[in-house]
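In: A predicted structure for the sequence below; I have some questions about it.
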2 protein chains.
Amino acid sequence: MLTPAIEDYLKAIYDLAGEDGRASTSGLARRLDVAPASVTGMLRKLAERRPAWVVYQKSRGATLTPEGRLRALEILRHHRLIECFLHDALGYSWDEVHAEADRLEHAISETLEDRMASRLGDPLADPHGHPIPRKDGTLPPRREIPLADLPVGSSAVVSRVSDGDPALLRYLKGRGIVPNASLAVVDLGPLGDPLMVRVGDASETCALSRKVAGEVHVHDGPRERGQGT
Amino acid sequence: MLTPAIEDYLKAIYDLAGEDGRASTSGLARRLDVAPASVTGMLRKLAERRPAWVVYQKSRGATLTPEGRLRALEILRHHRLIECFLHDALGYSWDEVHAEADRLEHAISETLEDRMASRLGDPLADPHGHPIPRKDGTLPPRREIPLADLPVGSSAVVSRVSDGDPALLRYLKGRGIVPNASLAVVDLGPLGDPLMVRVGDASETCALSRKVAGEVHVHDGPRERGQGT
DNA sequence: TGGGACAATTAGGCGCCACTAAACGAGGGT
DNA sequence: ACCCTCGTTTAGTGGCGCCTAATTGTCCCA
């Protein structure tokens, strides 16, 4: 079986993993809000069980095995389908869905997962634009970059925004920065911060700090199918 | 806070409690599928915490305090609203809802509870006819008796059926024994078992063992508002 | 009143998942 | 090359919720 704690670790490793696929002890501790020592213990356990879910080298972080990755994607699918469902079927706003989904993702059955998915028409992305893993554990590939990396003068389409902070989400929605919105970086402040961004065909521009712009990802459009709202 | 285990105990005490409001150690152990010794330990804990949720006298079982009762009813409200929601909004059959609700009841927020309730039009009973506690912890009073206690020759209306066993639920639905169905006991077998029951205005009767008839509750109609389907 | 039968409790332990405190190690700067 | 720092690991603990085995209570019946 899979305890909620284990599911949380796998999910965290999955999305903290960078280029090399490795997640650090301290990164996980921060993300999961536990002491680093606790992370060490859990990583040892996940590496020792058969089949192993992570490969763990002392002091060098952990990487998911194929089995662990599959598990992580299952949880992620749960999480994002629940977000969609709360948003589309129960009128949750996009800044409320994350917290609720974090608890429910550990409690739903495969049956409920399937029924929600078909009720929603097998959505491809959650309300923040994050892609929903398919049942077989695959993810539609995407070419996207942080808005912060978009050169001045170029335009793009929002593909996703990070969903961790409700206040940030409300802020972004207030400025029309939602998946599928098109935007352009029209100017930079001193030292490259903030970015002056025009959203859609508004006449106004808004100022986004580099920090905020790092939480928004864009692709070069014209449009992707199946983004959230 | 309230762990899932504690919630399960409170719920179990609530609905094992008979006339005197007491639930026995062994009864709880059977219901919760744990060893009697585990029950003893948990009851001590629930009695010692402030505010206490149960009154516990060694070897004489436990009763809920008003606070404990309120907690139990909150969980019960969760459980039954979830059953309604799965049934009405996601097409679950009435024998599937119980197991799923047993896991979800511990994970939903007050917000989700409220939204499901208003989406469903504040239902008064779950799909098996069990009344849904109101937010203030009150329950609509009911006068109902086990079908097994209905005298031969009299008729009544089904108010609820027990929801623990999916096979029993499928069996009952197959015979039209659902909340609000009217039925009559037309005869008894030898030793009073089985009961010969006519459902609705069918020409056939069906035979229900006393054991099964104890799992079906009836009232004298003509009709109660807000029963499940 | 004294067993017997069965319910309930105590005693001791285990796995999970966190914690703190203290030791360890890896890498950068001097 | 050495040291210092910061990240990481080890060691030891604690709460929770369960277990088994052994003991104690309770109650009914002869």
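Out: Happy to help now that I have it.

In: going forward, measure contacts between C-alpha atoms and count neighbours the same way
Out: Noted.

In: so what does the longest helix anywhere in chain A touch, helix or strand wise?
Out: Ranked by number of residues, the top helix in chain A under DSSP state H is helix A:66-90. If you count contacts as 3 or more Cα pairs under 8 Å, 6 or more residues apart in numbering or on different chains; DSSP states H and E, helix A:66-90 packs onto helix A:4-16, helix A:97-104, helix A:110-119, helix B:110-119.

In: Ok, which of those helices comes nearest DNA strand C?
Out: helix A:4-16 (4.6 Å; Cα to the nearest atom of the strand).

In: Going by neighbour count, which residues of that closest one are buried?
Out: The neighbour-count criterion (16 or more other Cα atoms under 10 Å in any protein chain shown) identifies A:I6, A:E7, A:D8, A:Y9, A:L10, A:K11, A:A12, A:I13, A:Y14, A:L16 as the buried residues of helix A:4-16.

In: could you dump those to JSON lines with distance to DNA strand C and pLDDT?
Out: Supplementary listing: the buried residues of helix A:4-16 in JSON lines, determined by distance: Cα to the nearest atom of the strand, whole Å; pLDDT from 0 to 100:
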{"residue": "A:I6", "distance to DNA strand C": "6", "pLDDT": "98"}
{"residue": "A:E7", "distance to DNA strand C": "8", "pLDDT": "98"}
{"residue": "A:D8", "distance to DNA strand C": "8", "pLDDT": "98"}
{"residue": "A:Y9", "distance to DNA strand C": "8", "pLDDT": "98"}
{"residue": "A:L10", "distance to DNA strand C": "12", "pLDDT": "98"}
{"residue": "A:K11", "distance to DNA strand C": "13", "pLDDT": "97"}
{"residue": "A:A12", "distance to DNA strand C": "12", "pLDDT": "97"}
{"residue": "A:I13", "distance to DNA strand C": "13", "pLDDT": "98"}
{"residue": "A:Y14", "distance to DNA strand C": "16", "pLDDT": "97"}
{"residue": "A:L16", "distance to DNA strand C": "17", "pLDDT": "94"}
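
In: so which pair among the residues you listed is furthest apart in space?
Out: A:I6 and A:L16 (15.2 Å; Cα to Cα).

In: Can you report how many residues lie near A:E74?
Out: The number of residues packed near A:E74 is 21, by other Cα atoms under 10 Å in any protein chain shown.

In: Distance of it relative to A:K135?
Out: 7 Å (Cα to Cα, to the nearest Å).

In: Could you point out which of the buried residues of helix A:4-16 is nearest to B:R170?
Out: A:E7 (34.3 Å).

In: residue contacts, A:A184?
Out: By Cα atoms under 8 Å, 6 or more residues apart in numbering or on different chains, the contact list for A:A184 reads A:V152, A:G153, A:S154, A:S155, A:A156, A:V197, A:R198, A:V199.

In: can you tell me the distance between the two ends of stretch A:207-216?
Out: Start-to-end, stretch A:207-216 (Cα to Cα) is 13 Å.

In: same check, this time on stretch A:158-175
Out: 13 Å.

In: so where's chain A shaky on pLDDT?
Out: Within chain A, the segments meeting pLDDT under 70 span A:1, A:222-229.

In: ok, and A:R31, which helix or strand is that part of?
Out: Taking DSSP states H and E as the definition, one finds A:R31 inside helix A:25-32.

In: following that helix, which helix or strand comes up?
Out: In N-to-C order, the element after helix A:25-32 by DSSP H and E is helix A:36-48.

In: just how off-centre is that following helix within its chain?
Out: Centre-to-centre, helix A:36-48 and its host chain are 24 Å apart (Cα atoms, centre = their mean, to the nearest Å).

In: so who does A:A148 touch?
Out: A:L195, A:R210, A:K211, A:A213, A:G214, A:V216.

In: Okay, and which of the residues you listed map to helices?
Out: Using DSSP H, the contacts of A:A148 in helices are A:R210, A:K211, A:A213.

In: out of those, which are buried?
Out: Here, 16+ other Cα under 10 Å leaves A:R210, A:A213 buried among the ones in helices among the contacts of A:A148.

In: would a markdown table of the ones in helices among the contacts of A:A148 with distance to chain B be doable?
Out: Converted to a markdown table, the ones in helices among the contacts of A:A148 look like this (distance: Cα to the nearest Cα, whole Å):
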| residue | distance to chain B |
| --- | --- |
| A:R210 | 34 |
| A:K211 | 31 |
| A:A213 | 31 |
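
In: on that earlier part again, which helices and strands does the helix holding A:R31 pack with?
Out: So helix A:25-32, by 3+ Cα pairs under 8 Å, 6+ apart, packs with helix A:4-16, helix A:36-48.

In: Of all those, which one is nearest DNA strand D?
Out: Once the helices and strands packed on helix A:25-32 are compared by Cα to the nearest atom of the strand, helix A:36-48 is nearest, at 3.8 Å.

In: Quick one: name whatever helix or strand follows the closest one.
Out: Counting by DSSP H and E, what follows helix A:36-48 is strand A:54-56.

In: Please report how far the nearest residue to A:V97 once chain neighbours are set aside lies from DNA strand D.
Out: Nearest residue to A:V97, sequence neighbours excluded (Cα to Cα, 6 or more residues apart in numbering or on different chains): A:E83, at 5.2 Å. Distance of A:E83 to DNA strand D, given as Cα to the nearest atom of the strand, to the nearest Å: 28 Å.

In: Please apply the same query to A:D149.
Out: Taking Cα to the nearest atom of the strand, one finds A:D149 at 25 Å from DNA strand D.
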